[in-house]
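S.K.: how would this look folded up:
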Amino acid sequence: MRHEPAPLTRHLRVRRDRGHTVLEFRGEIDIAAAVEIVPHLDMATATPDARVVIDLTRVEFFDLSGLRLLYRARHRVTDGPGRLYLVCAHPMTLRMLRITGLSRLLPPWPTLDAALDKPEPPSGPV
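M.R.: Modelled structure (predicted):
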């Protein structure tokens, strides 16, 4: 039985799952929510080998502030050997990701299990 930790903020819950830090965004992700989330996002992506999943499953509204959070996380993680996965199945949010091109940079997974069960790419030179 998994216990769910209390949200850190009204809009964010952070937990560890299968070696990843899962940032579960909740509710309306607007400029006010982004201000609450940024310090936690920065903490989760602070190490070069961070393994982070951003889960948008419980998001009801997602605007440009939310897109900025995703770009910020991607930039911080892709500067090193870390990994960043996105979970999103909401049609309007997926549409925003496609229109902005972010879905090409950060392909969304339909469920948290699908993202966490993704095999790690082989290490070493390509």
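
S.K.: tell me where the protein has helices.
M.R.: Using DSSP state H, the helices found in the chain span residues 31-44, 64-78, 91-100, 102-105, 112-116.

S.K.: tell me the contacts of Ile54?
M.R.: Neighbouring residues of Ile54 by CB atoms under 8 Å, 6 or more residues apart in numbering: 23, 25, 69-70, 73, 84-87. Any C-beta I mention is one placed from the backbone N, CA and C, and that applies to glycine too.

S.K.: confidence score at it?
M.R.: Listed pLDDT for Ile54 reads 98.

S.K.: can you give me the end-to-end distance of stretch 69-89?
M.R.: Stretch 69-89 has an end-to-end distance of 18 Å (CA to CA, to the nearest Å).

S.K.: report the backbone C-alpha coordinates of the biggest strand by length in the chain in CSV.
M.R.: For the chain, the longest strand by residue count, based on DSSP state E, is strand 51-62. What follows is strand 51-62, C-alpha atoms only, in CSV (Å, rounded to 0.1, in the frame of the first residue of the first chain):
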residue,chain,number,x,y,z
ARG,A,51,15.8,11.9,-12.9
VAL,A,52,12.5,13.8,-12.8
VAL,A,53,8.9,13.1,-13.9
ILE,A,54,6.5,16.0,-14.2
ASP,A,55,3.0,14.5,-13.9
LEU,A,56,0.1,16.7,-15.2
THR,A,57,-2.6,14.1,-14.7
ARG,A,58,-4.3,16.1,-12.0
VAL,A,59,-4.1,19.5,-13.8
GLU,A,60,-7.4,21.2,-14.6
PHE,A,61,-6.0,24.4,-16.2
PHE,A,62,-2.6,24.9,-17.8
